[in-house]
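1. quick one: sequence and predicted model below, then my questions.
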Amino acid sequence: MRQSPLVGLPSDRKQIGPHPFQAVGEKYLRAVVDGAGCLPLMIPSLSPPLDLRAVLAHLDGLLLTGAYSNIEPHHYSDEPSWDGNPHDPARDATTLGIVPLAIEMGVPVLALCRGCQEVNVALGGTLYQKVHEQPGLDDHRENPDDPLDAQYAPSHPIDLAPGGLLARIAGAPVAHVNSLHGQGLRTLGRGLVVEATARDGLVEAVRLDDPGPFLLAVQWHPEWRVGENPFYLGIFQAFAAACRERAKQRT
Ligand SMILES: N[C@@H](CCC(=O)NCCCC(=O)O)C(=O)O
């Protein structure tokens with residue numbers, strides 16, 4: 001058997017000078033190595049997308065990262081977004097296409113922040129484009145003027161679904177998480193069940209209902225200093241266990 005399971009991470013398409021580049025945040029790559037003990041591989045978000053079924057055939061896990069860009073709202077039948085809303089259509093095409101295939105092929109998925117929103121939209125769910133403008137919902141955004149340690153520090157409590165995966169990982173009914181998102185889950189995609197909720201009622205985490213392959217999507221950033229937070233580390237370890245199972249089946 002190979003030593004480490006292979007985890008694919010779809011990239012962001014970024015313009016640097018006159019050329020487009022493909023980028024994956026280093027903290028996500030580090031968390032795959034240090035938190036999950038797996039080998040990270042970038043999946044380029046090309047337009048048109050790669051043959052994603054062929055890509056997944058080589059992988060034991062899929063990590064959908066966060067990103068400052070927002071999913072184009074036509075993907076969930078919402079109105080065009082505001083001027084200056086950052087989008088990444090090449091990433092949308094890759095991530096929205098790869099989620100149903102990963103489920104069909106039994107590839108474990110861990111999805112973080114934008115990735116959580118991608119899982120939901122890929123399965124037919126919808127988003128709030130501006131959570132902070134929804135009556136009754138809090139502002140879940142970070143202060144971009146804060147130092148990074150403050151931006152990614154625990155920001156609010158979440159209630160974990162009794163008997164759920166996250167409650168088992170946390171060993172407690174409540175956890176405290178960071179919060180750096182302007183958008184949020186509105187209606188849930190097919191087959192998703194709620195794993196965690198913020199005190200204002202916003203869904204903070206979902207998983208694929210049983211029976212099904214491992215798919216956990218959280219609205220926060222457990223990759224941040226993963227080794228220093230037992231709850232965050234537990235999330236990566238649960239993902240890693242599913243990736244190891246998949247690796248065994250592939251060999
Ligand atoms: N743009 C979306 C998703 C927010 C998100 O993923 N932020 C990540 C910031 C950078 C990083 O840590 O990778 C939203 O605003 O809801």
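-> Received the coordinates, thanks.
2. the helix or strand encompassing residue 90 packs against which elements?
-> Using DSSP states H and E, residue 90 falls within helix 89-105. Packed against helix 89-105 by the contact rule (3 or more Cβ pairs under 8 Å, 6 or more residues apart in numbering; DSSP states H and E) you find strand 6-10, strand 12-16, helix 52-57, strand 61-64, strand 109-112, helix 114-122. Where C-beta positions appear, they are placed from N, C-alpha and C, glycine not excepted.
3. other residues contacting the third one?
-> What that stands for is helix 52-57. Helix 52-57 has contacts (Cβ atoms under 8 Å, 6 or more residues apart in numbering) with 8, 43, 62, 94, 97-98, 101-102, 105, 107.
4. farthest pair within these?
-> 94 and 105 (15.5 Å; Cβ to Cβ).
5. show me which of the two is the more surrounded one.
-> Neighbours were counted for residue 94 and for residue 105 using other Cβ atoms under 10 Å; residue 94 has more, 26 against 16.
6. how about the strands in the stretch 151-251 of the chain?
-> Ranges of strands in the stretch 151-251 of the chain, per DSSP state E, counting those that start in this stretch, are 156-160, 174-177, 184-185, 192-198, 203-208, 215-218.
7. what's the closest of these to residue 126?
-> strand 184-185 (8.1 Å).
8. max-length helix in this protein?
-> Among the segments of the chain that qualify as a helix by DSSP state H, the longest is helix 230-250.
9. so for that helix, mean pLDDT?
-> Across helix 230-250, pLDDT averages out at 97.
10. repeat that for stretch 203-220.
-> Regarding stretch 203-220, the rounded mean pLDDT is 97.
11. get me the contact residues on this protein for the ligand.
-> 25, 65-68, 70, 113-114, 180-183, 221 (Cβ under 6 Å from any ligand atom).
12. which of those residues ranks first by neighbour count?
-> Neighbour counts for these, by other Cβ under 10 Å, peak at residue 65, which reaches 27 neighbours.
13. what about the nearest residue to residue 15 once chain neighbours are set aside, how many residues nearby?
-> Closest residue in space to residue 15, ignoring its immediate chain neighbours: residue 21 at 7.6 Å, by Cβ to Cβ, 6 or more residues apart in numbering. Residue 21: 11 surrounding residues under other Cβ under 10 Å.
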